[in-house]
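Student: Dropping a prediction and its sequence here:
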Amino acid sequence: MTSVRVLVGTRKGAFVLTSDGKRDRWDVSGPHFAGWEIYHMNGSPAEPDRLYASQSTGWFGQLIQRSNDGGQTWEPVGNQFSYEGDPGSHLWYDDTPKPWEFKRVWHLEPSLTDPDTVYAGVEDAGIFRTTDGGQNWQELPALRTHKSGPSWHPGAGGLCLHTIILDPVNPDRMYAAISAAGAFRTDDGGQTWRPVNQGLRSDHIPDPNAEVGHCVHRIAMHPSRPNVLFMQKHWDVMRTDDAGESWREVSGNLPSDFGFPIDVHAHEPDTIYVVPIKSDSEHFPPDGKLRVYRSRTGGNEWQELTKGLPQHDCYVNVLRDAMAVDSLDSCGVYFGTSGGQVYMSPDGGDNWSSIVRDFPPVVSVEVQTLP
């Protein structure tokens with residue numbers, strides 16, 4: 001029988017939640033790596049029981065953990081990440097040059113076809129790859145050394161490469177998003193990169209229509225339409241139909257177009273989900289009401305989804321990697337909050353319930369649908 005595995009990274013450890021296809025009862029495993037920040041956990045599409053986790057603390061630095069049995073046991077693998085060649089510098093908040101540093105791994109994106117190949121997005125603004133299951137990591141230096149790199153500023157969370165999307169049709173194409181530099185695309189497996197930010201506007205930077213400098217929070221793609229991407233930006237929900245060559249705003253009737261996560265329904269490429277928060281200084285839902293918004297038209301027209309979610313005195317946040325969907329016939333939607341709740345909807349957002357309520361603050365949520 002089909003089952004579901006939910007991978008939850010928190011500020012105080014990792015948790016693995018499992019259920020059968022009904023998704024009404026859940027078993028909880030964890031905390032794994034208790035007390036460590038788990039920025040991201042992800043599973044290999046090519047070998048579902050192969051999991052990877054990004055584990056870090058201010059005391060002991062960064063580790064990558066690997067599981068070969070669906071999270072029952074873990075082993076530390078390579079943690080050697082370093083920028084190649086002359087480190088150079090980028091601009092700090094006050095426009096002074098600051099050397100590139102390696103601080104942490106924000107995102108892990110396993111290959112679609114090879115369980116031993118994984119891409120890692122790091123702070124400061126680097127992308128790395130392993131081809132031996134995490135034992136060794138090599139930078140793809142063309143991104144960080146792009147001619148615009150010295151002008152990149154960090155966002156409020158740091159100069160983090162937080163999103164990596166692999167094109168399921170073209171294995172040489174992938175996308176990366178950096179806060180606060182923007183979105184980038186490679187068409188040659190990472191040998192060269194170029195910004196794909198045409199149409200983005202950010203009024204808080206010197207040139208609102210600049211080629212780079214935009215604070216992109218998250219990008220999502222449906223595998224059946226790899227040229228169509230959706231973006232949650234620092235203000236504005238955006239859409240491209242030409243692989244990032246041009247973007248247009250689709251915020252429509254949202255109560256706020258500021259937020260962090262964005263995701264796409266497993267079976268409906270024009271159905272997208274966001275979780276608005278009030279503003280860039282007030283990271284909580286407008287009016288203290290936790291609402292997921294769904295558009296079934298690819299943007300512009302949005303419906304609030306509230307059944308089962310708290311509608312008063314709710315002041316949690318939902319971070320960029322903390323929303324995911326499963327691929328069951330009735331698509332499940334999942335998200336975690338800064339208050340330690342993990343919510344799920346078994347019917348595409350119409351009804352919600354909490355799987356758990358008292359976890360540490362949730363940083364990331366990924367979902368695997370298992371045979």
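Tutor: Thanks, I have the structure now.

Student: Confirm that His146 sits in a strand.
Tutor: No - under DSSP: H, G, I helix; E, B strand; the rest coil, His146 sits outside any strand and is assigned coil.

Student: Look up how far Val212 lies from Asn197.
Tutor: With the distance defined as CB to CB, to the nearest Å, Asn197 ends up 7 Å from Val212. From N, CA and C alone the C-beta is placed, and that goes for glycine too.

Student: Oops, could you answer that again for Asn68 instead?
Tutor: Noted for Asn68: a distance of 39 Å to Val212, by CB to CB.

Student: any shared contact partners between Asn197 and Val212?
Tutor: Counting by CB atoms under 8 Å, 6 or more residues apart in numbering, the common neighbours of Asn197 and Val212 are Gly182.

Student: Counting neighbours, go ahead and name the busier of these two.
Tutor: Neighbours were tallied for Asn197 and for Val212 using other CB atoms under 10 Å; the higher tally belongs to Asn197 (26 against 22).

Student: For the closest residue in space to the more buried one that isn't next to it in sequence, grab the count of nearby residues.
Tutor: In space, and not counting its chain neighbours, Asn197 is closest to Gly182: 4.3 Å by CB to CB, 6 or more residues apart in numbering. As a burial measure, the neighbour count of Gly182 was computed by other CB under 10 Å and equals 25.

Student: Look up which residues are beta-bridged to Gly182.
Tutor: Gly182 has these beta-bridge partners by DSSP bridges: Ile178.

Student: OK, contacts around it?
Tutor: Applying CB under 8 Å, 6+ apart, the residues near Gly182 are Pro195, Val196, Asn197, Leu200, Glu211, Val212, Gly213, His214, Val216.

Student: now do the same end-to-end measure for stretch 163-174.
Tutor: Across stretch 163-174, the straight-line distance between its terminal residues is 10 Å, by CA to CA, to the nearest Å.

Student: Distance from that stretch to the middle of the chain?
Tutor: Taking the mean C-alpha point of stretch 163-174 and that of its whole chain, the gap between them comes to 15 Å (CA atoms, centre = their mean, to the nearest Å).

Student: now what about that stretch, what contacts it?
Tutor: Residues lying outside stretch 163-174 but in contact with it, judged by CB under 8 Å, 6+ apart, are 107, 109, 111-113, 119, 121, 127, 175-177, 185-190, 216, 218-221, 223, 226, 229, 243, 320.
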